[in-house]
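Asks: Kindly generate the corresponding structure for this input.
(chains A and B)
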Amino acid sequence: MSPVRLTHATALILQALASGSRHGFQIMDVTGLASGTVYPVLRRLEREKAVASEWEDEDAAHEAGRRRRRIYGLTPSGQLLAEQARQRLAATQRVLAGGALGSMGPNGGRGG
Amino acid sequence: MTRLLGLWVYAVSVLVPYAERRRWREEWHADLDDVRAAGAGAGEILTLALGIAGAAFAFRFEGMTMDGWTKEAMHAVRGLMRRPAFTVIAVVTLGLGIGANTAIFSVVNGVVLEPLRYPESESLVKLTSSFPTMGFTDFWISPPEYMQISEGTRSFDAIGAYYTYETSVGADEQPERVASAAVSWQLFQALRVQPAMGRFFTEEEDRPGGPNVAVLSWEFWQRSFGGDPQIVGRSIDVNGTTTDVIGVMPESFDVDESGAQIWLPLQLDWTNRNNFGSHYLFLVGRLAPGTSMELAEDELNAFVQRFPEEQAGHISPDGHPLHMVQLQEEIVGEIRPALMVLLGAVGFVLLIACANVANLLLARAQDRHKEVAVRAAMGAGHGRLLRQFLTEGVVLSVAGAILGTLLAIGSLDLLKAASPGDLPRLSEVGLDAKVLGFTTVIALATGIFFGLAPTRHVATSELAGALRDGGTRSTSSAGQRRLRSLLVVSETALALILAVGAGLMIRSFGALNAVEPGFEPDGLLTYEIYLPSSAYPGLEEQLQFQRQILEGLSAEPGVTAVAAMSGQPPLRRLNANDTEFENFVQTEDSPPQNVDFYQTITDGYLEAMGIEVVEGRGFQATDDADAVPVALVNRKLADTYWPGESAIGKRLRPGFGGPNPFLEVVGVVEDVKNAGLEAEVGTELYFHYPQVGANAPRTMHFVARFAGDPAEMAPAVRRIVWGRDATLPVSGLQPFEDVMGDAMARARFLTTLLAAFAGLALLLAAVGTYGVMSYAVTQRGREVGIRMAMGAEAGMVQRLVLSEGLKVAAVGLVLGIGGAWALTGMLESLLFNIDARDPLSFLLGPLVLSAVAVAAIWIPARRATRVDPVTVLREE
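Replies: Next comes the predicted model:
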């Protein structure tokens, strides 16, 4: 498996897939990323075999009165990647919350 | 919308590598559907659509960095600089197309699309009434009707009433005539606009006998009071009455395009509910929160149904219904079709410009066959070449957009200056973000289009042939020739549609110009004076003033006739007066006893204006207050009320059964246009000034017929008026020709613009046709050379080239005639006395276009015969 570049957008999209988002519009909706970012990332992840996609069942879409959607899902290697992404995002969050600095203080731990 | 988005996805997905194209196309369609199903606004949908284009680009040019793009752009710029003629023509063509579009779109946006500048303006409505049986639409509402609507409906937060007129305003120095409005205090509550300074009238001030207070417009305050910061609290003179300024409205504030500079309290008497017949108010209301237009309309209809019917002229469903329309629709509804036609016309110009530039790029791609072939052979992939062309197209279109924006800024000022006075909301027109966005989208779309057009020719199979030829020549394939011919065909067709449209407008304008106004405007000077009741309380004083002015004017050298009148043709406000016709038997079919226009005149009026007497006589000096009251009627009135018999000796009187005496008709005069040049003449009843008693209209229009240029008389007019009374403003002082010009301003504006666009289209189409033909001649130099070497005569070769070009042009002409036939119906409402399928326009348009096409084909065809066979063949 070729190494995957884990940009912030990629991390967000992986996270969105891991937490149940299944198609393009939903991913944009959840992540707030623009379509011009989401599609190329999905395409790259798919080529790198972290993501697999297939058409949704034609009959189900027809019943709902809409076009069939392209459904994305994480492959096993994609799940590993998503876990990396989750850690990366969590780290970002800690920095933003100011917690990272605190843990480096002389006393260690929180609220020191 | 759905189809447009579909088209967009289809177009941008062309960039996606073929193997994946269908899949993404379908996925994007589904996502667009989803976002719309989720109830997203236009902005979100647009973002998604643009993002999809971005994604398609990213797929195609994967791995390109910003740096790479910059290099590519610099490369394209260098390449373009090496071909200055090509680059200049392409950029100028695009600039003209984009500039014209941006300017017109700015006007359409500012006038039609942008919401009015009031808070939550979509809930503002205008209320009017009508008298269907008399043909009066968009009619005023009387005070008691206004009061009952206010009290009897619940759909409105507030309903304000107003009417507009002119006042003389001046503090110390020379007063000036300004557009003003008397408004009820509720109006500003409905509009929800706060004054920039001071305050607005209170309910207490808006009562009969209330204080004399005024609110000024920002512009008036700046212009006439030098922006005096102490203006609030200052006293000014309004129509001879001392009035306190209590506020200044914000900049460019206006009520319903009335152009009022000063607002005075209406001071209606809410206890008087008797004057049902005096309709002079327009109402503007704000819908209550949560009330829809439909709901309010239903309530209003129900209100009309249950309105008490004991009085004549009362609100009723059939006789005198109410109408409600959104304020924005009321203001821009009438001008919208004209602006949309202009927008369509510039759209065509842009399409032609695009076709031209695409043609240029095609020809250029052909010329660079060898370069492309070599690069392809050296390993530049299809994508690489595509990128090169795309960048070049985008660089060109960005340059075109910059030029276009500059042109738009310039022409927008020109447009504003040239636009007719009745174009609403002109002050709100400007280049804004939306307009610039529109330009950018056009620029990018054209860039992509141009970029992709030549790439059809760099399919690798053709490149091998180019290399084989050693690059000394490149014959274009049948497919390429067909594409170029197609572009010429569409250009010709579009230009023809515009030419026919412009022809129709010119013919219509000509018809408007040829309208007989019923009088002789040339050589006449006109101006207007308002006599305030403070200085001129009665008819006596007014007539004395009038006489002195007329005597002064007559004494001027070169003046041959003078007169005064109450209303100035050819465009007057309808005054629709109830008039009793003696012994008139009112039946179902007979016209209502109501005269469209009352006109009070001096005895020299008919002579000074050049109006013909059809029967009987005009007024004479002896028709004074002591003589038998007499009247003149126009031919239309005589024919309407006394068809087939003489009007002379018939009697009528203003109002019904009132104190007015019956007037005896002593003359019938020729119809004079009074409701506008393009409108039917209304019925008109003439009174003689000395006989109108207390009802004398205080606004007097004076005319003087002058042997020289009427404009030269202006100083004399001011001297005469101010010699008599220096406090009177002289307004509208101008040659009568200018008044006539104003009456045709909108038609002239439209005609000029459409003609300009058609001219531009013709020029661009000629340049395009010429370009394609010259290119074809160059391309076929070898063939021509061989033919001539084989003994073909110059004439024959010329005919060959000509016939080929003409065939293409002919197809364009036929398609253009068809297109024009289908589209000119949209002009219908803008045309005056000319059929939308006017044969002359449909004949002349194609003729002009044929002449242009023949010229554009002829010149290159002649060049073909000058080909030297030896040179051409040696190049082999």
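Asks: how deep is B:Leu98 tucked in, by neighbour count?
Replies: Heads up, residue B:98 is Ile, not Leu. As a burial measure, B:Ile98 scores 30 neighbours (other C-beta atoms under 10 Å in any protein chain shown). C-beta: built from backbone N, CA, C; applies to glycine.
Asks: Check the contact between it and B:Gly404; I expect there is one.
Replies: Yes - with contact defined as C-beta atoms under 8 Å, B:Ile98 counts as touching B:Gly404 (2.9 Å).
Asks: got the contact list for the closest residue to B:Pro521 other than its chain neighbours?
Replies: Leaving aside its chain neighbours, B:Pro521 sits nearest to B:Phe736 (4.0 Å; criterion: C-beta to C-beta, 6 or more residues apart in numbering or on different chains). The contact partners of B:Phe736, by C-beta atoms under 8 Å, 6 or more residues apart in numbering or on different chains, come to B:521-522, B:524-526, B:703, B:710.
Asks: repeat that with 7 Å
Replies: B:521, B:524-526, B:703 (C-beta atoms under 7 Å, 6 or more residues apart in numbering or on different chains).
Asks: where does it fall, phi/psi-wise?
Replies: The phi/psi pair for B:Phe736 (degrees, to the nearest 10) reads phi -60, psi -30.
Asks: Next one: it relative to chain A, how far apart?
Replies: To chain A, B:Phe736 is 62 Å away according to C-beta to the nearest C-beta, to the nearest Å.
Asks: so what's that residue scoring on pLDDT?
Replies: B:Phe736 is assigned 92 on the pLDDT scale.
Asks: in terms of contact, does B:Tyr146 touch B:Tyr280 like I think?
Replies: No - assessed by C-beta atoms under 7 Å, B:Tyr146 is found out of contact with B:Tyr280, at 10.2 Å.
Asks: What's the local residue count around residue 60?
Replies: Unless you meant another one, I'm taking chain A. If we define neighbours as other C-beta under 10 Å, then A:Ala60 has 11 of them.
Asks: Chain B was what I was after
Replies: 17.
Asks: for B:Leu531, same thing?
Replies: Neighbours of B:Leu531 using other C-beta under 10 Å come to 21.
Asks: Grab the nearest non-local neighbour of it.
Replies: Nearest residue to B:Leu531 in three dimensions, chain neighbours excluded: B:Arg698, at 5.0 Å (C-beta to C-beta, 6+ apart).
Asks: Mind pulling the model confidence for that neighbour?
Replies: Looking at B:Arg698, its pLDDT stands at 84.
Asks: Now do the contacts for B:Pro532.
Replies: Counting by C-beta under 7 Å, 6+ apart, B:Pro532 has contacts B:168, B:239-240.
Asks: The same query, at a cut-off of 6 Å, please.
Replies: By C-beta atoms under 6 Å, 6 or more residues apart in numbering or on different chains, B:Pro532 lies in contact with B:239-240.
Asks: likewise B:Leu327?
Replies: B:124, B:126.
Asks: ok so, going back, who's more crowded, B:Tyr146 and B:Tyr280?
Replies: Neighbour totals were compared for B:Tyr146 and B:Tyr280, and B:Tyr146 leads with 24 against 17 (other C-beta under 10 Å).
Asks: distance of the more buried one from A:Trp55?
Replies: In this structure, B:Tyr146 and A:Trp55 are 64 Å apart, going by C-beta to C-beta, to the nearest Å.
Asks: What parts of chain A come near chain B?
Replies: Contact residues (C-beta under 6 Å from any C-beta of the partner chain) of chain A with chain B: A:24-25, A:34-36, A:39-40, A:66-67, A:69-70.
Asks: Repeat the analysis, applying 10 Å as the threshold.
Replies: For chain A, the residues in contact with chain B under the definition C-beta under 10 Å from any C-beta of the partner chain are A:23-29, A:33-44, A:47, A:53, A:55-56, A:61, A:64-70, A:72.
Asks: helices or strands up against the longest helix along chain A?
Replies: Taking DSSP state H as the criterion, chain A has its longest helix at helix A:76-97. For helix A:76-97, the elements it packs on are helix A:8-18, helix A:35-47, strand A:51-55, strand A:70-74, helix A:99-103, judged by 3 or more C-beta pairs under 10 Å, 6 or more residues apart in numbering or on different chains; DSSP states H and E.
Asks: shaky segments in chain A?
Replies: By pLDDT under 70, the low-scoring segments of chain A are A:1-4, A:99-112.
Asks: Find residues that contact each of B:Tyr146 and B:Tyr280.
Replies: B:140, B:161 (C-beta atoms under 10 Å, 6 or more residues apart in numbering or on different chains).
Asks: quick one: buried residues of stretch B:783-803?
Replies: B:784-785, B:787-788, B:797-798, B:800-802 (16 or more other C-beta atoms under 10 Å in any protein chain shown).
Asks: actually stretch B:182-193, not the one I typed
Replies: Here stretch B:182-193 shows B:182-191, B:193 as buried, counting by 16+ other C-beta under 10 Å.
Asks: now stretch B:22-29: how far from the chain's centre is it?
Replies: Offset of stretch B:22-29 from its chain centre (C-alpha atoms, centre = their mean, to the nearest Å): 42 Å.
Asks: nope, stretch B:169-189 is what I meant
Replies: In this view, stretch B:169-189 has its centroid 28 Å away from the chain centroid, taken as C-alpha atoms, centre = their mean.
Asks: can you tell me the distance between the two ends of it?
Replies: Taking C-alpha to C-alpha, to the nearest Å, stretch B:169-189 runs 26 Å from one end to the other.
Asks: biggest separation within the contacts of B:Phe736, which pair?
Replies: B:Pro521 and B:Leu525 (10.4 Å; C-beta to C-beta).
Asks: which neighbours do the two share?
Replies: B:703, B:710, B:735-738.
Asks: From these, list the buried ones, please.
Replies: So, by 16+ other C-beta under 10 Å, the buried ones in those are B:703, B:710, B:735-737.
Asks: give the contact list for the spatially most central residue of chain A.
Replies: The C-alpha lying nearest the average C-alpha coordinate of chain A belongs to A:Leu14 (C-alpha atoms, centre = their mean; 1.8 Å). A:Leu14 is in contact with A:4, A:6, A:41, A:45, A:50-51, A:74, A:78-79, A:81-86, A:88-89, counting by C-beta under 10 Å, 6+ apart.
Asks: List buried residues within the residues you listed.
Replies: Neighbour counting with 16+ other C-beta under 10 Å marks A:4, A:41, A:45, A:50-51, A:74, A:78, A:81-82, A:85, A:88 as buried within the contacts of A:Leu14.
Asks: Tell me the pLDDT of B:Ser150.
Replies: 90.
Asks: Strands along the stretch 651-800 of chain B, start to end?
Replies: Taking DSSP state E, counting those that start in this stretch to define them, one finds strands in the stretch 651-800 of chain B at B:651-654, B:663-669, B:684-688, B:699-706, B:731-735.
Asks: Could I get the buried residue list for the one helix or strand B:Glu551 maps to?
Replies: With secondary structure defined by DSSP states H and E, B:Glu551 is part of helix B:539-555. Buried positions in helix B:539-555, judged by neighbour count with 16+ other C-beta under 10 Å: B:539, B:542-543, B:545-546, B:549-550, B:552-553.
Asks: Now it: average pLDDT?
Replies: On average, helix B:539-555 scores 92.
Asks: Now the phi/psi pair for B:Asp237, please.
Replies: Dihedral angles for B:Asp237 - degrees, to the nearest 10 - are phi -100, psi 120.
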